[in-house]
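Asker: Predicted structure and sequence below. I'll ask about it afterward.
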Amino acid sequence: MKTKMTAAAKRRLVKSVLLHAGLLLFAAGCVYPLLRILSVSLRPGDKLVSTDLSLIPAGATLLSYSKLLGDTMFLRWLWNSLLITLATSFIGVSLASTAAYAFSRFRFPGKKAGMILLLSSQMIPAGMLILPLFLMIMKLKLMNTYLGMIIAYSVSSLPFSIWILKGYYDTIPRSLEEAALVDGTSQVGAFWRIILPLSTPALSIAFLFNFTTAWNEYLVARVVLFSSKQYTWTLGLFELQGQYITQWGMFAAGSMLVTIPVLCVFLYSSKWLISGLTLGSVKG
Amino acid sequence: MATVQFKKIVKRFGDNLVLNGVDVEIQDHEFVVIVGPSGCGKTTLLRMLAGLEEISDGEIFIDKLLVNELHPSKREIAMVFQDYALYPHMTVEENMNFALRLRKLPRAEIASRVAEASNILQLNKFLKRMPKQLSGGQRQRVAIGRAIVRKPKVFLFDEPLSNLDAKLREEMRVEIAKLYQRLNATILYVTHDQVEAMTLAGRIVIMNHGIVQQVGSPIEVYRKPVNLFVAGFIGSPTMNFVPGRLTVKDGTAIFSSEHLSLPVPAFVLPQKEALEGREVVLGIRPDDVLVERPGGEKCSGRIDGVLEVCELLGHRENLYLKVGGQRLLATVEAFFNRSPGSAVGLCFNYRNMHVFDKATERRISE
């Protein structure tokens, strides 16, 4: 009996070790590039390739950071990105939340076709949408403006957000809204006071999705924006790349800095990502 | 409190006719239970009164006021939902005072109403808890509390006990009965459970296929069901039905089926209409099938049967009998003490015997 127990325990141990070894390998694969960028950003001179494998290179300096912040318009680019991204996320989520509510709760002609159309728009590669987006924004005379970017971004992430939110609303029992209606709210009031507070997990996911896609977007920005004052950081960083010389130190420093806002948003919203908030409202 | 009036209510979902001309009037302070099998339209009727379902045709009045087009919140009704529908992101207290906050009542008044309701329902200890921290019975009480604080004209209950286990259901049934005595409110209560209907109702509305079958006090619908459906639906265990044919011999109606034959006295079936040759269904409740007992004058003569199965329930015993090929259920005092297969003598208590026309399914006995 005892030997049997140890055999089982041994198997468990081996399984656990193998599992953790695998996880560590993947984690290392994820973190390694980041660490290399950190090390490049601290390296004196613009050396991209080096035989030095240490994380903090010899003669580490923050010179690249100070040059990036002082000599270029990097802060301006960050500000542009932040403005466009936040506006995109808020507009995208508010439009998606109401549209998804309509798709989830009301019966209207074209509902099913609408949902399929939204889904199929996600099947077209983003690159193919560049030309029509460019034409639309040009016709709207919004080239090289924040508004043009905000419209382009929030529109392109709407379908995904609507699907996410509709799926979530569908799980919220209708009787909650009906109780609210009987209690004295309007349909809009029931949405605002009952459905929205209950949907924070799905809303945060939609917000995060909007935020990260808009923050990291390059192609559309390349097409819409042409003056370096209006650039988002993705375009701005490429300014540092010259025909003959690329300032790899500043490039890496910029890459490190732009991760900070995304990191903050993720850390902050993680507490809203707790699902199962509707548990206990109705008999399950 | 208020009266409620349904006038020729029709509800269609596409081509599907769910309610077909429902006419019911509910008096002030009355506890009316709408009962029927699933899909009979009872919940739809309640939801139409609440304003959660459109009315295809007909009129609904609350206190003589036509409410067809009125928003749910303007109808001054409160509803307790089958699944409780408590707001999961609010505490018990917030759930209960939600409607009052919406109406912007003074804070002191809100507090006193919530305190009063939570006293009645013994919810004082739970006011700061979230719904998910409560048991089923407690959630149900919060749902009722949310209705009470509003002081509505009419309370609507939509199968409020169907999600509770049997023991808790009994307890809550008594709670609701006590609550009614205390509030003396107008209550419309929907259930598919005929025991709830019998025990709680001042008046029962029995529905089937979107049509009101019978309206009456519990004892009326039990003693004098107007048709076969009501007779079969009300009462547990279910009434025995014996199909057969009537003949008249020397002025006495005789019921005869393949397996049994018995005279039907005039006080059960007055010979107002032609009975000769009429196809009928005899209805007799298990309590009125007397087994091995002297019947007396208002009972049928001895019928020979065979005991098939006994079910001891504690104080009562269900006897499954066979008379020829006809199965009958009798309920007798406990400890009948006969083994299955033995021959028994039984008789029908004429005082509670029902005769229904087979074609129309309507009651033709007194």
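Answerer: Nice, thanks for sending it over. Numbers count the residues shown, from 1 in each chain, chains lettered A, B, ... in the order given.
Asker: Is it correct that A:G189 is in contact with A:A180?
Answerer: Yes: when contacts are counted by C-beta atoms under 8 Å, A:G189 is listed as touching A:A180 (6.9 Å). For every residue, glycine as well, the C-beta is placed using N, CA and C.
Asker: With neighbour numbers in mind, choose between these two.
Answerer: Neighbour count, other C-beta atoms under 10 Å in any protein chain shown: between A:G189 and A:A180, A:A180 has more, with 26 against 16.
Asker: Who are the contact partners of the more buried one?
Answerer: A:189-190, A:193-194, B:87, B:98 (C-beta atoms under 8 Å, 6 or more residues apart in numbering or on different chains).
Asker: Show me how chain B divides into domains.
Answerer: Per automatic domain parsing, the structural domains of chain B span B:4-233, B:240-357.
Asker: so which of the ones you listed gets nearest A:G114?
Answerer: Closest to A:G114 of those is domain B:4-233 (C-beta to C-beta; 21.3 Å).
Asker: got the end-to-end distance for the closest one?
Answerer: 25 Å (C-alpha to C-alpha, to the nearest Å).
Asker: Can you give the distance of that domain from its chain's centre?
Answerer: Between the centre of domain B:4-233 and the centre of its chain there are 14 Å (C-alpha atoms, centre = their mean, to the nearest Å).
Asker: sorry, back to before: who wins on neighbours among the contacts of A:A180?
Answerer: A:I194 (25 neighbours).
Asker: Pretty sure A:Y153 sits against A:F211.
Answerer: No: the pair A:Y153 / A:F211 is not scored as a contact, 10.3 Å apart, by C-beta under 8 Å.
Asker: helix/strand/coil for the residue of the stretch 1-150 of chain A found nearest chain B?
Answerer: The nearest approach of the stretch 1-150 of chain A to chain B comes at A:R107, 11.3 Å away (C-beta to the nearest C-beta). Per DSSP: H, G, I helix; E, B strand; the rest coil, the local secondary structure of A:R107 is coil.
Asker: With A:V265 instead?
Answerer: With three-state DSSP as the criterion, A:V265 reads helix.
Asker: how many neighbours does it have?
Answerer: Here the number of neighbours of A:V265 (other C-beta under 10 Å) works out to 19.
Asker: who's in contact with the residue lying closest to it once chain neighbours are set aside?
Answerer: Among residues not flanking A:V265 along the chain, A:F211 sits closest, at 5.6 Å (C-beta to C-beta, 6 or more residues apart in numbering or on different chains). A:F211 is in contact with A:85-86, A:88-89, A:262, A:265, counting by C-beta under 8 Å, 6+ apart.
Asker: and with 10 Å instead?
Answerer: By C-beta atoms under 10 Å, 6 or more residues apart in numbering or on different chains, the contact set of A:F211 is A:85-86, A:88-90, A:92-93, A:157, A:204, A:261-262, A:265-266, A:269.
Asker: Quick check: helices, which of those are part of them?
Answerer: Of those, the ones assigned to helices by DSSP state H are A:85-86, A:88-90, A:92-93, A:157, A:204, A:261-262, A:265-266, A:269.
Asker: Is it possible to mark the buried ones in these?
Answerer: Buried members of these, scored by 16 or more other C-beta atoms under 10 Å in any protein chain shown, are A:85-86, A:88-89, A:92-93, A:157, A:204, A:261, A:265, A:269.
Asker: Relative to B:T191, how far out is B:A147?
Answerer: As defined by C-beta to C-beta, to the nearest Å, B:A147 lies at a distance of 16 Å from B:T191.
Asker: The two: which is more packed in?
Answerer: Between B:A147 and B:T191, counted using other C-beta under 10 Å, the more crowded position is B:A147 (29 against 25).
Asker: Touching stretch B:9-20 from outside, list them.
Answerer: B:6, B:8, B:21-24, B:39-45, B:47-49, B:53-60, B:68, B:207, B:209-212.
Asker: for the residue in the stretch 151-300 of chain B that chain A sits nearest to, helix, strand, or coil?
Answerer: The minimum distance from the stretch 151-300 of chain B to chain A, using C-beta to the nearest C-beta, falls at B:N163 (4.2 Å). Classification of B:N163 using three-state DSSP returns coil.
Asker: Count the residues that sit near it.
Answerer: 17.
Asker: correct me, but it touches B:S135?
Answerer: No: B:N163 is not in contact with B:S135 according to C-beta atoms under 10 Å; the separation is 11.7 Å.
Asker: List the contacts of B:I120.
Answerer: Applying C-beta under 10 Å, 6+ apart, we find B:I120 in contact with B:141, B:144-145, B:148, B:175, B:178-179, B:182-183.
Asker: Just the buried ones from the residues you listed, in ChimeraX syntax?
Answerer: The ChimeraX command for the buried members of the contacts of B:I120 (criterion: 16+ other C-beta under 10 Å) is given here:
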select /B:141,144,145,148,175,179,183
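Asker: Could you export the contacts of B:I120 as JSON lines, including distance to B:P263?
Answerer: Formatted as JSON lines, those follow (distance: C-beta to C-beta, whole Å):
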{"residue": "B:R141", "distance to B:P263": "55"}
{"residue": "B:I144", "distance to B:P263": "53"}
{"residue": "B:G145", "distance to B:P263": "58"}
{"residue": "B:I148", "distance to B:P263": "56"}
{"residue": "B:E175", "distance to B:P263": "48"}
{"residue": "B:K178", "distance to B:P263": "48"}
{"residue": "B:L179", "distance to B:P263": "49"}
{"residue": "B:R182", "distance to B:P263": "51"}
{"residue": "B:L183", "distance to B:P263": "51"}
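Asker: Tell me the one among the contacts of B:I120 nearest to B:F157.
Answerer: The closest of the contacts of B:I120, once distances to B:F157 are taken by C-beta to C-beta, is B:I144, at 8.4 Å.
Asker: Which residue, other than its chain neighbours, is closest to that closest one?
Answerer: B:V80 (5.6 Å).
Asker: so the one you found bridges to which residues?
Answerer: Counting by DSSP bridges, B:V80 is bridged to B:F157.
Asker: Please give me every residue in contact with it.
Answerer: A:179, A:182, B:140, B:142-148, B:155-161, B:176, B:187, B:189.
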